[in-house]
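Chemist: When you get a sec, could you give me coordinates for this:
(2 chains)
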Amino acid sequence: MATAAAHKSATSRYVVAYISILSIAALQFVIAYSNVTAPQMFARMLFLAAVEAALALLFFMHLSENHGLLGFVLILTVFVLLAMQYGWTDSFRELLGAPWSNYSKY
Amino acid sequence: MGHVVIMGAHAGGMEKPAFSVPAKKMAMWLFIIADTATFAGCLVAYGFLRNATPDWPRPFHSITNVAIMTFILVTSSLTMLFAMAAAKAGDKEKAFRWTLITAGGGILFALLHIREWLGLIHEGMTLLKNPWGTGLFGAAFFSITGLHLLHVTGGVIALVVVGIRYRGGHYSADDLEITGLYWHFVDLVWMFVVPFVYLLNLSH
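Modeler: You can find the predicted model right below:
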C-alpha cells in the first residue's frame, strides 16, 4: 500500500518536472522571436537552459534523492565548465583587436 | 581455516560504495561528467567562433521541426521514467514496453534530425561552405548536432539491447535505470543545443 502511494507520488513528480521542462522550452522559443539584443537573448537562453538542466538532473536523474552524489556531480561539472571560459577574451580580441582597445565599438 | 581468515580480512576491508551508489551506476555518472566536458567543449568552441565571426549565418527560417524534435526527446525521457518505475515495481513486460516506446521516440527524433540535415545540405550547406556566410557555421553545426545524433543512436541501441536482456532475465532493474540515466543525459544536452545552435541563429 505504502509502495503504491510512493509510486504514485514519484509519477506525479515526474509529470510535473516534464511539464515544467516543456514550458521552459516553449518560453525559449517565444524569446527567440522577441526583439532583444543578442547578449540579452543569450543570457536569457542560458538561464532557462540551466533551469531545465537542473530540473532534469534533480527529478529525471534522481539527484534530489542523493545529496552526496549531487554535490560530487555539481563540483566536478561546474569546475570543468568554469575552466573552459578562459577563451572568451581571445574571442573578443579576434573581433575587436587587442582586448578592450575598441571597447566603445562593442 | 587459513582461507576463512583471509576471506574475513577481505570482507572487513571492503569499502562502502561511494555516495551509497552501486559501482555500475557510479561509472555511468563519471561517464556523464566526462561527456558533459566533451559537449561543453564543443559548445564553448562554437560560442568562440560565433562571437569572433562578424558574418555568422542565421539560416533557420522555421522552428517547427526543432520544436517537434524537442517535444519528442523530452517526452521520451518521461516514458523512460515510466519504464524505470515499472521495473522497480517488478512488472517486466510493462517496463519493456515503455523502454521500446522510449527507443521509438529516439528513432523518430533521429529521423527528423536527418530530414533537417538533408534540407540544409539541399540548400547548399556543407562542412566547409554555405550560401549565407562564414563556412565555419557548417562545421560547427554538423559537429555539434552530429555528436548529439551519435549519442541518440547509441542510446536507442542501448535501450533496445538492455530492454530485451532485462525482459529475458539477464539484466536487472538497476541496469535499466543506468541506461535511463544515459538517456536523460542525451535529453539534457539537447536543452543546451536547441537555444544556442538553433534559436540564436533564427533569421528574423
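
Chemist: right, is stretch B:21-28 up against chain A?
Modeler: Yes - counting by CB under 8 Å from any CB of the partner chain, chain A has neighbours in stretch B:21-28: B:V21. Placement of C-beta: from N, CA and C, glycine included.

Chemist: Tell me who's in contact with B:D174.
Modeler: B:P22, B:K24, B:K25 (CB atoms under 8 Å, 6 or more residues apart in numbering or on different chains).

Chemist: Make CSV out of those and add secondary structure.
Modeler: CSV is the format used below for the contacts of B:D174 (DSSP: H, G, I helix; E, B strand; the rest coil):
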residue, secondary structure
B:P22, coil
B:K24, helix
B:K25, helix
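
Chemist: Could you identify which of these has the most neighbours?
Modeler: Top of these by neighbour number is B:K25, holding 19 neighbours under the definition other CB atoms under 10 Å in any protein chain shown.

Chemist: And the closest residue to it other than its chain neighbours, its phi and psi?
Modeler: The shortest distance from B:K25 to any non-neighbouring residue, by CB to CB, 6 or more residues apart in numbering or on different chains, is to B:I178 (5.4 Å). With angles defined as degrees, to the nearest 10, B:I178 sits at phi -70, psi -40.

Chemist: Would you mind confirming that B:I178 makes contact with B:M28?
Modeler: Yes - between B:I178 and B:M28 there is a contact under CB atoms under 8 Å: 4.8 Å.

Chemist: what helix or strand is the nearest residue to B:R167 once chain neighbours are set aside on?
Modeler: Using CB to CB, 6+ apart and skipping the chain neighbours, the partner closest in space to B:R167 is B:F96 (4.4 Å). Secondary-structure assignment from DSSP states H and E places B:F96 in helix B:92-122.

Chemist: Quick check: buried residues in that helix?
Modeler: Across helix B:92-122, burial judged by 16 or more other CB atoms under 10 Å in any protein chain shown covers B:92, B:95-106, B:108-110, B:112-113, B:116-117, B:120.

Chemist: Likewise for stretch A:20-39?
Modeler: Neighbour counts over stretch A:20-39 (16+ other CB under 10 Å) mark A:I21, A:L22, A:I24, A:A25, A:Q28, A:F29, A:I31, A:A32 as buried.

Chemist: what residues does it touch?
Modeler: A:41, A:44-45, A:48-49, A:51-52, A:55-56, B:63, B:67, B:70-71, B:74, B:191, B:194-195, B:199-200, B:202, B:204.

Chemist: Kindly report the same for stretch B:186-197.
Modeler: A:21, A:25, A:28, A:32, A:45-46, A:48-49, A:52-53, A:56-57, A:60-61, B:39, B:43, B:46-47, B:66, B:69-70, B:73-74, B:76-77, B:140-141, B:144-145, B:148, B:151-152, B:155.

Chemist: returning to that earlier point: gap between the residue nearest to B:R167 and B:T102?
Modeler: 11 Å (CB to CB, to the nearest Å).

Chemist: just to revisit the earlier point, hmm, which two among the buried residues of stretch A:20-39 are most spread apart?
Modeler: The distance between the two most remote of the buried residues of stretch A:20-39 (CB to CB) is 16.9 Å, for A:I21 and A:A32.

Chemist: Tell me, how many residues neighbour the residue lying closest to A:L46 once chain neighbours are set aside?
Modeler: In space, and not counting its chain neighbours, A:L46 is closest to B:P195: 7.6 Å by CB to CB, 6+ apart. The tally of other residues near B:P195 (other CB under 10 Å) stands at 22.

Chemist: For B:P195, grab phi and psi.
Modeler: phi -70, psi -40.

Chemist: where does A:P99 land on pLDDT?
Modeler: The model reports A:P99 with a pLDDT of 53.

Chemist: Tell me which residues touch B:P59, please.
Modeler: Listed by CB under 8 Å, 6+ apart, the contact set of B:P59 reads B:L120, B:E123, B:M125, B:N130, B:W132, B:F137, B:N201, B:S203.

Chemist: ok so, going back, restricted to helices, list the contacts of stretch A:20-39.
Modeler: A:41, A:44-45, A:48-49, A:51-52, A:55, B:67, B:70-71, B:74, B:191 (DSSP state H).

Chemist: Who wins on neighbours among those residues?
Modeler: Most surrounded of those: other CB under 10 Å gives A:E52, at 27 neighbours.

Chemist: Nothing else from me, thank you.
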